[in-house]
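# Output the structure for:
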Amino acid sequence: MIKQTRNPEKFDVLELFSSMATTKGYKINDIHSVEEFISCVTDSIKESATNDRTKFGKRVESLFAYVAGALGHVKLLKQEDTGSIYYLGEEIIAPDYKVILKDNTQILIEVKNFYSPDIEKYFTIENDYYLKLKRYSDINKIPLKFAIYFSKMNQWFLLPISAFTKTENTFKINFITAMAKSEMAILGDRMIGTTPNLEIHLITNRDEASPINSSGIVGFTIRKTQCFCANQEVTNITEQKILFDFIRYGKWIEKDTEVIMDDDKFLGVKFIYAPTEVTEQPFEIIGLLSGMISNKFKELTTNDGKIELLDLGLNPNAFEILIPDGYDSSQLPLWQFIISANEDFEEEPNKTLERNSLP
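The predicted structure follows:
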(Lines give C-alpha, C1' and ligand atoms only; values in the text may rest on other atoms or scores of the structure.)
Protein backbone atom coordinates (compact mmCIF):
# COMPACT_ATOMS: atom_id res chain seq x y z
CA MET A 1 0.00 0.00 0.00
CA ILE A 2 1.28 3.46 -0.96
CA LYS A 3 0.71 6.66 0.98
CA GLN A 4 -0.51 9.49 -1.28
CA THR A 5 1.93 12.39 -1.53
CA ARG A 6 0.43 15.68 -0.38
CA ASN A 7 1.61 19.24 0.16
CA PRO A 8 0.59 20.03 3.76
CA GLU A 9 2.56 23.27 3.85
CA LYS A 10 0.38 24.65 1.08
CA PHE A 11 -3.04 23.17 1.68
CA ASP A 12 -3.29 22.10 5.34
CA VAL A 13 -1.91 25.35 6.74
CA LEU A 14 -4.30 27.38 4.60
CA GLU A 15 -7.18 25.14 5.68
CA LEU A 16 -6.23 25.63 9.33
CA PHE A 17 -5.97 29.42 8.87
CA SER A 18 -9.35 29.48 7.15
CA SER A 19 -10.95 27.41 9.90
CA MET A 20 -9.53 29.56 12.70
CA ALA A 21 -10.46 32.73 10.84
CA THR A 22 -14.16 31.95 11.25
CA THR A 23 -13.89 32.21 15.05
CA LYS A 24 -10.97 34.63 15.47
CA GLY A 25 -11.73 37.06 12.64
CA TYR A 26 -8.43 36.57 10.80
CA LYS A 27 -8.06 38.17 7.38
CA ILE A 28 -5.64 36.52 4.98
CA ASN A 29 -4.24 39.81 3.64
CA ASP A 30 -3.72 41.29 7.11
CA ILE A 31 -0.16 40.86 8.44
CA HIS A 32 -1.36 41.16 12.05
CA SER A 33 -3.82 38.32 11.49
CA VAL A 34 -1.03 36.16 10.06
CA GLU A 35 1.27 36.94 13.01
CA GLU A 36 -1.47 36.18 15.53
CA PHE A 37 -2.22 32.91 13.70
CA ILE A 38 1.46 31.86 13.84
CA SER A 39 1.64 32.74 17.54
CA CYS A 40 -1.52 30.77 18.28
CA VAL A 41 -0.27 27.71 16.40
CA THR A 42 3.12 27.91 18.16
CA ASP A 43 1.44 28.00 21.59
CA SER A 44 -0.78 25.06 20.63
CA ILE A 45 2.18 22.92 19.52
CA LYS A 46 4.10 23.71 22.72
CA GLU A 47 1.09 22.75 24.81
CA SER A 48 0.59 19.49 22.89
CA ALA A 49 4.29 18.63 23.26
CA THR A 50 3.85 18.52 27.05
CA ASN A 51 0.56 16.60 26.96
CA ASP A 52 1.34 12.87 26.86
CA ARG A 53 -2.28 11.90 26.31
CA THR A 54 -2.51 14.08 23.20
CA LYS A 55 0.83 12.87 21.84
CA PHE A 56 0.18 9.19 22.40
CA GLY A 57 -3.36 9.46 21.05
CA LYS A 58 -2.25 11.13 17.82
CA ARG A 59 0.68 8.75 17.40
CA VAL A 60 -1.51 5.67 17.85
CA GLU A 61 -3.98 7.07 15.32
CA SER A 62 -1.10 7.37 12.83
CA LEU A 63 0.21 3.93 13.80
CA PHE A 64 -3.11 2.26 12.96
CA ALA A 65 -2.89 3.46 9.35
CA TYR A 66 0.49 1.75 8.97
CA VAL A 67 -0.71 -1.43 10.69
CA ALA A 68 -3.84 -1.68 8.54
CA GLY A 69 -1.92 -0.81 5.38
CA ALA A 70 0.91 -3.27 6.03
CA LEU A 71 -1.29 -6.26 6.95
CA GLY A 72 -2.30 -6.60 3.32
CA HIS A 73 -6.13 -6.85 3.21
CA VAL A 74 -6.89 -3.13 2.81
CA LYS A 75 -7.03 -1.48 -0.62
CA LEU A 76 -7.99 2.03 0.53
CA LEU A 77 -7.63 3.82 3.85
CA LYS A 78 -8.69 7.44 4.15
CA GLN A 79 -8.65 9.79 7.10
CA GLU A 80 -12.30 10.58 7.71
CA ASP A 81 -12.25 13.14 10.51
CA THR A 82 -10.77 16.05 8.53
CA GLY A 83 -12.39 19.01 6.84
CA SER A 84 -15.72 20.64 7.52
CA ILE A 85 -18.93 18.65 7.99
CA TYR A 86 -22.43 20.01 7.38
CA TYR A 87 -25.38 17.96 8.60
CA LEU A 88 -29.03 17.94 9.57
CA GLY A 89 -30.30 16.59 12.86
CA GLU A 90 -28.48 15.67 16.05
CA GLU A 91 -24.75 16.15 16.61
CA ILE A 92 -22.42 13.74 14.87
CA ILE A 93 -18.71 12.87 15.06
CA ALA A 94 -16.72 11.51 12.13
CA PRO A 95 -14.53 8.53 13.11
CA ASP A 96 -10.82 8.52 12.34
CA TYR A 97 -10.74 6.38 9.20
CA LYS A 98 -12.75 4.93 6.38
CA VAL A 99 -11.39 1.57 5.25
CA ILE A 100 -12.21 -0.41 2.11
CA LEU A 101 -11.03 -4.01 2.14
CA LYS A 102 -9.93 -5.95 -0.92
CA ASP A 103 -13.36 -7.63 -1.04
CA ASN A 104 -14.91 -4.10 -1.17
CA THR A 105 -16.26 -4.28 2.39
CA GLN A 106 -16.38 -0.78 3.86
CA ILE A 107 -15.76 0.03 7.53
CA LEU A 108 -15.58 3.21 9.58
CA ILE A 109 -12.95 2.90 12.30
CA GLU A 110 -12.41 4.94 15.44
CA VAL A 111 -8.90 4.44 16.88
CA LYS A 112 -8.23 4.45 20.61
CA ASN A 113 -5.16 4.00 22.80
CA PHE A 114 -5.49 2.22 26.15
CA TYR A 115 -2.45 2.42 28.42
CA SER A 116 -2.92 -0.09 31.21
CA PRO A 117 -0.89 -3.18 32.23
CA ASP A 118 -3.94 -4.70 33.95
CA ILE A 119 -5.72 -7.19 31.67
CA GLU A 120 -8.85 -6.99 33.83
CA LYS A 121 -9.14 -3.21 33.73
CA TYR A 122 -11.90 -1.90 31.47
CA PHE A 123 -11.52 0.38 28.51
CA THR A 124 -14.66 2.53 28.31
CA ILE A 125 -16.52 4.51 25.68
CA GLU A 126 -19.03 7.09 26.82
CA ASN A 127 -22.54 6.41 25.52
CA ASP A 128 -23.06 9.99 24.27
CA TYR A 129 -19.77 9.86 22.38
CA TYR A 130 -20.66 6.53 20.80
CA LEU A 131 -24.09 7.78 19.70
CA LYS A 132 -22.49 10.70 17.82
CA LEU A 133 -20.20 8.29 15.98
CA LYS A 134 -23.11 5.94 15.31
CA ARG A 135 -25.21 8.73 13.75
CA TYR A 136 -22.38 9.42 11.32
CA SER A 137 -22.12 5.69 10.60
CA ASP A 138 -25.88 5.41 10.03
CA ILE A 139 -25.95 8.39 7.65
CA ASN A 140 -23.18 6.82 5.57
CA LYS A 141 -24.66 3.31 5.86
CA ILE A 142 -21.21 1.97 6.76
CA PRO A 143 -20.64 -0.13 9.92
CA LEU A 144 -18.59 1.36 12.73
CA LYS A 145 -15.82 -0.49 14.57
CA PHE A 146 -13.28 0.48 17.22
CA ALA A 147 -9.57 -0.24 16.82
CA ILE A 148 -8.17 -0.29 20.36
CA TYR A 149 -4.45 -0.45 20.98
CA PHE A 150 -3.57 -1.93 24.37
CA SER A 151 -0.19 -0.26 24.27
CA LYS A 152 1.38 -1.91 27.34
CA MET A 153 0.75 -5.31 25.72
CA ASN A 154 1.49 -4.04 22.19
CA GLN A 155 -1.74 -5.60 20.95
CA TRP A 156 -4.45 -4.37 18.60
CA PHE A 157 -8.13 -5.33 18.71
CA LEU A 158 -10.83 -4.47 16.17
CA LEU A 159 -14.27 -4.53 17.75
CA PRO A 160 -17.91 -3.73 16.97
CA ILE A 161 -19.89 -2.06 19.74
CA SER A 162 -21.73 -5.37 20.31
CA ALA A 163 -18.49 -6.80 21.73
CA PHE A 164 -18.67 -4.36 24.65
CA THR A 165 -20.63 -4.64 27.87
CA LYS A 166 -23.18 -1.83 28.15
CA THR A 167 -23.67 -0.07 31.46
CA GLU A 168 -25.88 2.91 32.22
CA ASN A 169 -23.57 5.52 30.70
CA THR A 170 -20.74 3.61 29.04
CA PHE A 171 -19.66 0.66 26.96
CA LYS A 172 -16.74 -1.23 28.45
CA ILE A 173 -14.41 -4.08 27.59
CA ASN A 174 -11.25 -5.60 29.08
CA PHE A 175 -8.24 -7.20 27.44
CA ILE A 176 -9.45 -10.79 27.76
CA THR A 177 -12.84 -10.16 26.18
CA ALA A 178 -11.33 -7.92 23.50
CA MET A 179 -8.90 -10.69 22.56
CA ALA A 180 -11.70 -13.22 22.18
CA LYS A 181 -13.97 -10.93 20.15
CA SER A 182 -11.38 -9.11 18.02
CA GLU A 183 -11.89 -8.97 14.25
CA MET A 184 -8.31 -8.00 13.35
CA ALA A 185 -8.16 -11.01 11.03
CA ILE A 186 -10.30 -9.16 8.46
CA LEU A 187 -7.39 -6.71 8.07
CA GLY A 188 -4.96 -9.60 7.53
CA ASP A 189 -3.61 -10.05 11.04
CA ARG A 190 -2.19 -13.45 12.02
CA MET A 191 -0.42 -15.02 14.97
CA ILE A 192 2.93 -16.48 13.92
CA GLY A 193 4.91 -19.37 15.37
CA THR A 194 8.20 -20.96 14.41
CA THR A 195 10.72 -23.44 15.80
CA PRO A 196 13.22 -22.20 18.42
CA ASN A 197 15.91 -21.05 18.41
CA LEU A 198 16.67 -18.31 15.89
CA GLU A 199 20.29 -17.35 15.44
CA ILE A 200 22.36 -14.74 13.63
CA HIS A 201 26.05 -15.56 13.03
CA LEU A 202 28.55 -12.84 12.12
CA ILE A 203 31.60 -14.50 10.55
CA THR A 204 35.00 -13.38 9.30
CA ASN A 205 37.21 -15.20 6.78
CA ARG A 206 39.34 -17.96 8.25
CA ASP A 207 42.52 -16.48 6.82
CA GLU A 208 41.70 -13.17 8.58
CA ALA A 209 40.83 -14.70 11.95
CA SER A 210 43.07 -13.71 14.86
CA PRO A 211 43.58 -15.09 18.36
CA ILE A 212 42.15 -13.20 21.32
CA ASN A 213 45.04 -11.44 23.08
CA SER A 214 45.77 -11.53 26.80
CA SER A 215 43.63 -8.40 27.34
CA GLY A 216 40.61 -10.08 25.75
CA ILE A 217 40.78 -7.95 22.60
CA VAL A 218 40.65 -9.19 19.01
CA GLY A 219 40.37 -7.50 15.62
CA PHE A 220 37.32 -8.62 13.66
CA THR A 221 35.91 -7.82 10.20
CA ILE A 222 32.44 -9.19 9.34
CA ARG A 223 32.64 -10.99 5.99
CA LYS A 224 29.50 -13.11 6.12
CA THR A 225 26.16 -13.26 7.93
CA GLN A 226 24.41 -16.57 8.48
CA CYS A 227 20.88 -17.23 9.73
CA PHE A 228 19.71 -20.35 11.56
CA CYS A 229 16.40 -21.76 12.74
CA ALA A 230 16.53 -24.73 15.11
CA ASN A 231 20.21 -25.23 14.16
CA GLN A 232 19.40 -25.41 10.43
CA GLU A 233 20.83 -22.70 8.18
CA VAL A 234 18.31 -20.48 6.40
CA THR A 235 19.72 -19.66 2.96
CA ASN A 236 16.72 -18.23 1.06
CA ILE A 237 16.90 -14.41 0.95
CA THR A 238 13.14 -13.89 1.54
CA GLU A 239 13.22 -16.26 4.51
CA GLN A 240 16.30 -14.51 5.89
CA LYS A 241 14.41 -11.19 5.78
CA ILE A 242 11.47 -12.78 7.61
CA LEU A 243 13.85 -14.19 10.24
CA PHE A 244 15.48 -10.77 10.74
CA ASP A 245 12.04 -9.18 11.25
CA PHE A 246 11.11 -11.86 13.76
CA ILE A 247 14.28 -11.21 15.72
CA ARG A 248 13.99 -7.43 15.67
CA TYR A 249 10.26 -7.04 16.19
CA GLY A 250 8.94 -10.31 17.61
CA LYS A 251 8.48 -11.30 21.27
CA TRP A 252 11.47 -13.60 21.66
CA ILE A 253 14.44 -12.33 23.64
CA GLU A 254 18.19 -12.45 23.11
CA LYS A 255 18.95 -15.55 25.15
CA ASP A 256 22.70 -15.76 24.70
CA THR A 257 25.73 -14.56 22.79
CA GLU A 258 28.48 -17.05 21.97
CA VAL A 259 31.87 -16.74 20.32
CA ILE A 260 32.77 -18.95 17.36
CA MET A 261 36.35 -20.20 17.49
CA ASP A 262 38.52 -21.94 14.89
CA ASP A 263 41.16 -23.61 17.03
CA ASP A 264 42.55 -20.63 18.95
CA LYS A 265 41.34 -17.99 16.49
CA PHE A 266 38.23 -15.84 16.81
CA LEU A 267 36.05 -16.64 13.79
CA GLY A 268 32.87 -14.82 14.75
CA VAL A 269 29.97 -14.41 17.13
CA LYS A 270 26.46 -15.87 17.29
CA PHE A 271 23.37 -14.19 18.74
CA ILE A 272 20.70 -16.60 19.95
CA TYR A 273 17.03 -15.64 20.30
CA ALA A 274 14.45 -17.76 22.09
CA PRO A 275 11.00 -17.59 23.71
CA THR A 276 10.89 -16.85 27.43
CA GLU A 277 9.03 -20.13 27.98
CA VAL A 278 9.25 -23.34 25.95
CA THR A 279 6.48 -25.93 25.62
CA GLU A 280 6.56 -29.46 24.21
CA GLN A 281 4.87 -28.44 20.96
CA PRO A 282 6.99 -28.22 17.75
CA PHE A 283 6.72 -24.42 17.58
CA GLU A 284 6.51 -21.36 19.83
CA ILE A 285 4.59 -18.15 19.18
CA ILE A 286 6.78 -15.23 18.19
CA GLY A 287 3.97 -12.68 17.95
CA LEU A 288 1.13 -11.17 15.98
CA LEU A 289 1.91 -9.43 12.68
CA SER A 290 0.16 -6.29 13.94
CA GLY A 291 2.41 -6.23 17.01
CA MET A 292 5.58 -6.62 14.93
CA ILE A 293 4.47 -3.83 12.60
CA SER A 294 3.79 -1.65 15.65
CA ASN A 295 7.28 -2.36 16.97
CA LYS A 296 8.73 -1.28 13.63
CA PHE A 297 6.81 1.99 13.84
CA LYS A 298 7.88 2.57 17.46
CA GLU A 299 11.53 2.02 16.53
CA LEU A 300 11.34 4.90 14.05
CA THR A 301 9.22 7.33 16.09
CA THR A 302 10.70 7.07 19.60
CA ASN A 303 14.08 7.57 21.22
CA ASP A 304 14.81 6.25 24.72
CA GLY A 305 11.08 5.69 25.19
CA LYS A 306 10.19 9.28 24.32
CA ILE A 307 8.09 10.23 21.30
CA GLU A 308 10.00 12.17 18.66
CA LEU A 309 7.67 11.75 15.67
CA LEU A 310 3.88 11.42 15.46
CA ASP A 311 3.79 10.22 11.86
CA LEU A 312 6.12 9.14 9.08
CA GLY A 313 6.40 9.94 5.39
CA LEU A 314 6.90 6.26 4.55
CA ASN A 315 4.56 3.97 2.66
CA PRO A 316 2.80 1.30 4.77
CA ASN A 317 4.39 -1.43 2.63
CA ALA A 318 7.74 -0.47 4.21
CA PHE A 319 6.38 -2.05 7.41
CA GLU A 320 5.21 -5.35 5.95
CA ILE A 321 6.41 -8.60 7.47
CA LEU A 322 6.36 -10.11 3.99
CA ILE A 323 5.30 -13.75 4.20
CA PRO A 324 4.45 -14.85 0.63
CA ASP A 325 1.12 -16.54 -0.12
CA GLY A 326 1.50 -20.32 -0.02
CA TYR A 327 4.66 -20.03 2.08
CA ASP A 328 6.21 -23.45 2.77
CA SER A 329 9.76 -23.92 3.99
CA SER A 330 11.65 -26.59 5.88
CA GLN A 331 14.45 -24.15 6.76
CA LEU A 332 12.20 -21.59 8.46
CA PRO A 333 8.93 -23.42 9.17
CA LEU A 334 6.00 -21.18 10.09
CA TRP A 335 2.70 -21.80 11.84
CA GLN A 336 0.20 -19.07 10.91
CA PHE A 337 -2.98 -18.74 12.96
CA ILE A 338 -5.91 -16.68 11.66
CA ILE A 339 -7.94 -15.95 14.77
CA SER A 340 -11.69 -15.58 14.22
CA ALA A 341 -13.88 -13.52 16.53
CA ASN A 342 -15.86 -15.46 19.13
CA GLU A 343 -19.06 -13.43 19.33
CA ASP A 344 -20.49 -15.72 22.04
CA PHE A 345 -17.55 -15.33 24.43
CA GLU A 346 -18.60 -14.36 27.95
CA GLU A 347 -16.50 -13.23 30.88
CA GLU A 348 -16.38 -15.27 34.04
CA PRO A 349 -19.74 -15.05 35.84
CA ASN A 350 -18.39 -13.02 38.75
CA LYS A 351 -17.01 -10.45 36.32
CA THR A 352 -19.90 -10.31 33.88
CA LEU A 353 -22.15 -7.30 34.03
CA GLU A 354 -25.75 -7.45 32.92
CA ARG A 355 -26.01 -6.61 29.21
CA ASN A 356 -28.64 -4.10 28.22
CA SER A 357 -29.96 -3.75 24.69
CA LEU A 358 -27.69 -1.74 22.41
CA PRO A 359 -28.87 1.51 20.84
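# pLDDT weak spots in the stretch 51-200 of the chain?
Where the stretch 51-200 of the chain drops to pLDDT under 70, the residues are 51-55.
# all helices of it, in order?
For the stretch 51-200 of the chain, the helices defined by DSSP state H, counting those that start in this stretch occupy 52-71, 127-140, 175-181.
# where does the first one sit relative to the chain's centre, distance-wise?
What separates the centre of helix 52-71 from the centre of its chain is 7 Å, taken as Cα atoms, centre = their mean, to the nearest Å.
# Same check on the last one?
Shown here is helix 175-181, whose average C-alpha point lies 17 Å from the average C-alpha point of the whole chain (Cα atoms, centre = their mean).
# contact partners of that helix?
Outside helix 175-181, the residues that touch it by Cβ atoms under 8 Å, 6 or more residues apart in numbering are 119-121, 123, 148, 150, 153, 155, 157, 159, 163, 165, 173, 341-343, 345, 347. Every C-beta, even on glycine, is put in place using the N, C-alpha and C of the backbone.
# same check, this time on stretch 228-246
Here stretch 228-246 has contacts from 192, 194-201, 226-227, 252, 273, 286-287, 292, 296, 321-324, 329-334, using Cβ under 8 Å, 6+ apart.
# That stretch: end-to-end distance?
12 Å (Cα to Cα, to the nearest Å).
# quick one: residue 153 and residue 278, what's the gap?
Residue 153 sits 21 Å away from residue 278, going by Cβ to Cβ, to the nearest Å.
# can I get the helices of the stretch 51-200 of the chain in JSON lines with distance to residue 314 and mean neighbour count?
Below are these laid out as JSON lines (distance: least, Cβ to Cβ, whole Å; neighbours: other Cβ atoms under 10 Å):
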{"stretch": "helix 52-71", "distance to residue 314": "8", "mean neighbour count": "21"}
{"stretch": "helix 127-140", "distance to residue 314": "29", "mean neighbour count": "16"}
{"stretch": "helix 175-181", "distance to residue 314": "28", "mean neighbour count": "20"}
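# Indicate which one of the ones you listed is closest to residue 208.
Shortest separation from residue 208 across the helices of the stretch 51-200 of the chain is recorded for helix 52-71, at 39.8 Å, computed as Cβ to Cβ.
# From the contact counts, what lies against the closest one?
helix 31-49, strand 74-79, strand 97-101, strand 106-114, strand 144-150, helix 289-301, strand 306-307 (3 or more Cβ pairs under 8 Å, 6 or more residues apart in numbering; DSSP states H and E).
# how far off strand 97-101 does that helix point, in degrees?
10 degrees (axes from the mean of the first three to the mean of the last three Cα atoms, to 10 degrees).
# any idea how far the residue lying farthest from the centre of the chain is from residue 36?
For the chain, the largest distance from the centre (Cα atoms, centre = their mean) belongs to residue 214, which lies 47.5 Å off. Look at residue 214 and residue 36: by Cβ to Cβ, they are 70 Å apart.
# just residue 177 next, same as before
49 Å.
# What of residue 288?
Applying Cβ to Cβ, the value for residue 288 to residue 36 is 48 Å.
# more neighbours, the two?
The neighbour comparison of residue 288 against residue 36 (other Cβ atoms under 10 Å) goes to residue 288, with 23 against 15.
# got the contact list for the more buried one?
Going by Cβ under 8 Å, 6+ apart, residue 288 touches 155, 156, 184, 189, 190, 191, 192.
# Helices of the stretch 201-350 of the chain, residue ranges please.
Secondary structure of the stretch 201-350 of the chain (DSSP H, counting those that start in this stretch): helices at 237-249, 289-301.
# Mean pLDDT lowest where, among these?
Lowest mean pLDDT within the helices of the stretch 201-350 of the chain: helix 289-301, at a mean of 93.
# What are the contacting residues of that one?
Contacting residues not belonging to helix 289-301 are listed as 59, 63, 66-67, 70-71, 149, 154-156, 184, 187-190, 192, 245-246, 248-251, 307-312, 314, 319-321 [Cβ under 8 Å, 6+ apart].
# Quick check on those: which are buried?
Using 16 or more other Cβ atoms under 10 Å as the burial test, the contacts of helix 289-301 include 59, 63, 66-67, 70-71, 149, 154-156, 184, 187-190, 192, 245-246, 249-251, 310, 312, 319-321 as buried.
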